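In: A predicted structure for the sequence below; I have some questions about it.
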Amino acid sequence: MAKTTFKQRAFDTFEPDPRRAAVLGELHARPFPLIETPGALIVLAFMMEDHGESDIAILSEMSTRRGVAPPAAGARTHSFAFGKGRLRWERHTEFSTYSWEGPPPARFGDPFEGHPFGAEFRAPGPFIAGVRLEIRPHDEAGEASLAGFDKASFCYSVMDGGLAHAATDFRQDGDGLTRILVLDDGLPPARAGALAMRLVEIEIYRTLALLGLPLAQSIGPVVTQLEARLAGITEEMREGGEDSRAQLQDITVAAAEVEASAASVLYRFGASRAYDEIVRERLNALVEQPIPGQESWSAFLKRRMAPAMRTCRSLEERHAMLSKKLARAANLLRTRIDVELEHQNRDLLRSMDNRAQLQLRLQQTVEGLSVAAIGYYVVGLFAYVAKGLEYEGFPVAQPVMIAAFVPVALVGVWLVVRRIRKRHMKRSAADH
């Protein structure tokens, strides 16, 4: 028996799914930087208004000046060496970030040198958040740097299982950047980079999450007015207002305004929820341990962000509830209008029945008159015959013949009219 052999096929000859590269690449799109301590980060976040075209143009110009290949048109990340550090760009859903990693200044809070965000840097869009983070040794000098934070909002916790202490006051310096200080207690470069990026992302995403609050505050009075309008319409319905169609028109207009208002905040509130969840996830990943006598990052952010998020959720719920109530009120009014239309149809049918009876009586009257009229003409025609007979010597006088013919003519005409009417009635019954 011949032995069957199989030739193994090379995996690179398989036709790949066009989405495979994007899916696999997403896992490695935003790796944490390796930060040797001491080190520093400056991260700027800008809102995108042109789908990243301005970012690509700015990065292409900066890359060309330093002899680096510019980013591709659809790139999501790009990095190159800049000064004593490295610049990294990332594109997100609605914003982009520029982060520069380099050496820290001599003292915490002093100006940075060698970063790309000077007078020549062109912002690609509206500036939304910025962070300057410094990782320094946990020594006396590092402890002394903590005195520069605002004690009213000072947050200080042990991070990453005891390998670092992180402090911030969520205040902005003269450059508009939120200051974060990490005191190193033995962080390796990979964990230092991961911790630094998580702290930076907490500041950026909590800022983006709070963008829903001004919108909620501005749209709140509109929702209150719509609720008052609904209350007025339902009160009129309860009192039995006469013009149900006008009330239905008012409800339809109010419902359209509610849907337009809800649509205008749908994306922003949804984004705020997503960013709030990311902040919670980053806080959980910090493995934070509170320090007695100091407020932790988690406690501060939950206490400050929770009311804003509840306000946004409350407005969403009010929108949804208002839409449901308007729909129920509209259904009630439609039911009332349908009942009114049924009553009108009943009255109309009753009126039509009365009219039909009147028409029948009128028709019967007309038929009686027509019998008399036609009989009159038939008798008139017979009078000529009677005259001819009298002229030829017929023994009966003309007036007698005409008088005798009158009942015969009337009965004959009546029978003919009755027969015609019965024929029409049969045809009508057959058609129905």
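Out: Done, it's in.

In: please enumerate the helices of the stretch 201-350 of the chain.
Out: Listed in chain order, the helices of the stretch 201-350 of the chain (DSSP state H, counting those that start in this stretch) span 212-238, 244-285, 297-391.

In: thought residue 414 was touching residue 371?
Out: Yes. With contact defined as C-beta atoms under 8 Å, residue 414 and residue 371 form a contacting pair (5.0 Å). The way it works is simple: take the backbone N, C-alpha and C, and place the C-beta from them, glycine included.

In: okay, these two: which has more neighbours?
Out: Counted by other C-beta atoms under 10 Å, residue 414 and residue 371 do not tie: residue 371 has more neighbours, with 20 against 17.

In: so how far is residue 410 from that one?
Out: From residue 371 across to residue 410, the span is 6 Å (C-beta to C-beta, to the nearest Å).

In: pull the residues that contact stretch 247-264.
Out: With contacts defined as C-beta atoms under 8 Å, 6 or more residues apart in numbering, stretch 247-264 is touched by 219, 222-223, 226, 229-230, 233, 236-237, 241, 316, 319-320, 322-323, 326-327, 329-330, 333-334, 337.

In: pLDDT averaged over it - what is it?
Out: Stretch 247-264 comes out with an average pLDDT of 81.

In: and that stretch, how far out from the chain middle?
Out: 14 Å (C-alpha atoms, centre = their mean, to the nearest Å).

In: now do stretch 95-115
Out: On C-alpha atoms, centre = their mean, the centre of stretch 95-115 falls 40 Å from that of its chain.

In: report the buried residues of that stretch.
Out: Counting neighbours by 16 or more other C-beta atoms under 10 Å, one finds that the buried residues in stretch 95-115 are 95-104, 108, 112, 115.

In: can you list which of the residues you listed are found in strands?
Out: 95, 96, 97, 98, 99, 100, 101, 102 (DSSP state E).

In: I'd guessed the second one sits against residue 51; true?
Out: Just to be clear, that refers to residue 96. No. Checked against C-beta under 8 Å, the pair residue 96 and residue 51 is beyond contact range at 10.5 Å.

In: list only buried entries from the contacts of stretch 247-264.
Out: 219, 223, 226, 229-230, 233, 236-237, 316, 319, 322-323, 326, 329-330, 333.

In: quick check: the farthest pair among those?
Out: Across the buried ones among the contacts of stretch 247-264, the longest distance by C-beta to C-beta is 28.2 Å; it joins 236 and 316.

In: outline the domain layout of this structure.
Out: 31-208, 212-346, 368-431 (automatic domain parsing).
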